[in-house]
Structure formats: structure tokens, C-alpha cells
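Visitor: attaching a predicted model along with its sequence, questions to come.
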Amino acid sequence: MKTNEPAAIASMATANRYLAELIPTVGFRGAVKRVQQKSNSSIAGELERLERYVEGDPTAEAPAEFSIYGSFMRYLPDKTRAGTGIASINRSMRDARRFADSVRVGLPGDLYYSATLLMVAAVISTMWLLFIAPGFSEMFESFGAKLPSFTRMITTAPWLLFVLIAALAIVLVLLVIGTRRLAAAIDTMAPLRPSWLKLVCGADVVRTHERWRVATMANGWASAGEEPLKALRDAIDRMSASADQVNELTADVQLAHEIGLAGHELDHQCQKSLGEYRNAMESRRALVSRIMQVAIAVLVGGIVIAIYLPLFRIGSLI
């Protein structure tokens, strides 16, 4: 009789989620051990690398999917209070997963319409150049005339048209891939990598992403007993955030520190940073969608003009 083999953890996202829930109750090492025992060899190897990173091994680097927990544990001064800090980070991670889900279906969904228009433009252009344009050329030649200049340019150098179509298609693909990579980074609060992803996202999205990560890490350390302003400075340093990405955050926490509310302010800044991140993402999504729609509309308009110009000229030839 065939028996089902026990399921194994086969994705970094699942391992990350289990770690997050286990660390507050069994500690970091206990959580890693439990998840490792139920993971496939690839995930187990990444968890082993995470553990070496937390223990201070200079040759180890935390996997991107575990970076928020790895950095939190490695640089936490009093690891006996890790549970309260992890609980704080977990609250932000739950918001992160919901945000990541909305990003995954947001911009890619907007771009499906643009991709459909681009595909239709490519098909119409191919059919017109192969089967219709040659007939127009013969007809105009029989009257001793030439095709209109714009139409003639398209028919004699069709590669120009298809280079434009290919370029827009590449941009669409990069936007979809970039959005999915961004969603994966949001899901685990990882840095935005590779470097070209920052170009796709834009400066506002990059700034709010890093500010949100720093605020979350600082709030976690503060919840684990570190002085809030010091926790923020440590988070900025450990997460390699640039000054322009977090200068407003630093000023707000400094002000709250002076009146004795730095801990409260860090918790507030976590929520505020996420709200600003959502707004920045929505603005970027609207801008990118509009640009792609306009670019494809201009391309389609040019194709329509090239097709109809000979029809408008036929009357003057007869």
C-alpha cells in the first residue's frame, strides 16, 4: 500500500514565515533547528548560512529572504529579549505580506492591456506589410506616383517599426519582472536587488522602501530593550541607508526623544512609513501605466496613419 511522504518546506517564503512565528516562543536557534529539520536540502542550506551569519561568521551573508531577521538577531545586544522584538517585527511583516500581494497584482494587471495592444499592433503591422502594402505600391506605380512619404518610410524600412515594438515589449517585460521582484523584497523586507530594480522602481519607491525597513528594524530593537534613538542610529548604520532616505525619520525620532516619546514615535513611524510606501507605489504605478499607454497609443496612431495615407491619396490619382 502506497503511503504519502511527509511534506517538506520547499520555499524561502514558507521558511521565513515559520521562523517568524517560532522565534518568540523557542528562540532563534530552536526555531532554525525545527524549520531546518522539515526543509528540503536547499532551504536547510540557506538556514545554516543564516545561523552562521547571526553567530558573527564574517564569511557568511544572510540570505535576502531572511535579512530582516538575520540582521535583527546578529546585532541585538541582549538576545534574551529577542522574543519581544521579533513580535514587533512580525506585526510589520504581516502588513508587508498584504502589501506585497497587492503589488503583485497591481502594476502587472495594468500592463496586460498595454501588452495586448502591443501584440495587436505587431500582428496588424505584419499583415499590412506582407499582404497590403505591396499592393498599394503597385497601384501607385501604375499611376506613375509614389506612396506618401511616411508610408513609404515604413514600407522600405519596416525594421524601424519592429524595433519600436520590440523596445516597448522589453520595457513591459522588465516592468513585470521588476514588480514581482519588488513584491518579493516587500514580502521579506529585503533590500532592493539587483541594482537595475531601483531604476525600475524610481527614487520615491526606493526611499520609502529603505525608510520602512529602517523604521521596522529600529522599532524591533527598541521593543527588545534598546534605547530608541540608539536603535534607530544602529538600524541606519546596519542597513546602509543613505541620509536622504531617512533624514526626516531621524528628525522626527530625535524630536520625540527630547520630549520622552521616542519609543512611541518609532512605532508610529513604522505605520507612517508603510502608508507613505503605499502612496509612492500607487503614484509610480499610475505614472508607469500612463506612460506605457501613451507610448503604445503613439505607436498605434503612427501605424494607422501609415495605413490610411495611401487611401486618402488614391482619390487624387484617379
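Guide: Sure thing, it's come through.

Visitor: contacts for stretch 82-90?
Guide: For stretch 82-90, contacts defined as Cβ atoms under 8 Å, 6 or more residues apart in numbering pick out 20-21, 23-25, 27-28, 68-69, 72-73, 76, 216-217, 219-221, 223-225, 267. No exception for glycine: its C-beta is placed from N, CA and C like everyone else's.

Visitor: surely Glu61 is in a strand?
Guide: No. The assignment for Glu61, made by DSSP: H, G, I helix; E, B strand; the rest coil, is coil rather than a strand.

Visitor: which parts of stretch 163-174 are buried?
Guide: Across stretch 163-174, burial judged by 16 or more other Cβ atoms under 10 Å covers Leu164, Ile165, Leu168, Ala169, Val171, Leu172.

Visitor: actually stretch 274-284, not the one I typed
Guide: Quick answer for stretch 274-284 (16+ other Cβ under 10 Å): Leu274, Glu276, Tyr277, Arg278, Ala280, Met281, Arg284.

Visitor: equivalent analysis for stretch 90-103, please.
Guide: Quick answer for stretch 90-103 (16+ other Cβ under 10 Å): Asn90, Arg91, Ser92, Met93, Asp95, Ala96, Phe99, Ala100, Val103.

Visitor: can you give me the pLDDT of the second one?
Guide: The one in question is Arg91. Note on Arg91: pLDDT of 89.

Visitor: could you say which helix or strand holds it?
Guide: Take DSSP states H and E as the rule and Arg91 turns out to sit in helix 82-127.

Visitor: count of neighbours near Ala8?
Guide: A count of neighbours around Ala8, defined by other Cβ atoms under 10 Å, yields 13.

Visitor: distance of it relative to Ala184?
Guide: For Ala8, the distance to Ala184 (Cβ to Cβ, to the nearest Å) stands at 21 Å.

Visitor: go on, Arg49?
Guide: Computed as Cβ to Cβ, the Arg49 to Ala184 distance reads 18 Å.

Visitor: with Thr155 instead?
Guide: Remark: distance between Thr155 and Ala184 (Cβ to Cβ) = 45 Å.

Visitor: host element of Met153?
Guide: Here Met153 is assigned to helix 149-156, by DSSP H and E.

Visitor: for Met73, give me the pLDDT.
Guide: Predicted confidence (pLDDT) for Met73: 91.

Visitor: contacts only, for it.
Guide: Phe28, Val54, Lys79, Ala82.

Visitor: buried members of those residues into PyMOL, please.
Guide: Buried members of the contacts of Met73, defined by 16+ other Cβ under 10 Å, are picked up in PyMOL with:
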select buried, resi 28+54+82
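
Visitor: so of the contacts of Met73, which ones are in strands?
Guide: With DSSP state E as the criterion, strands contain none of those.
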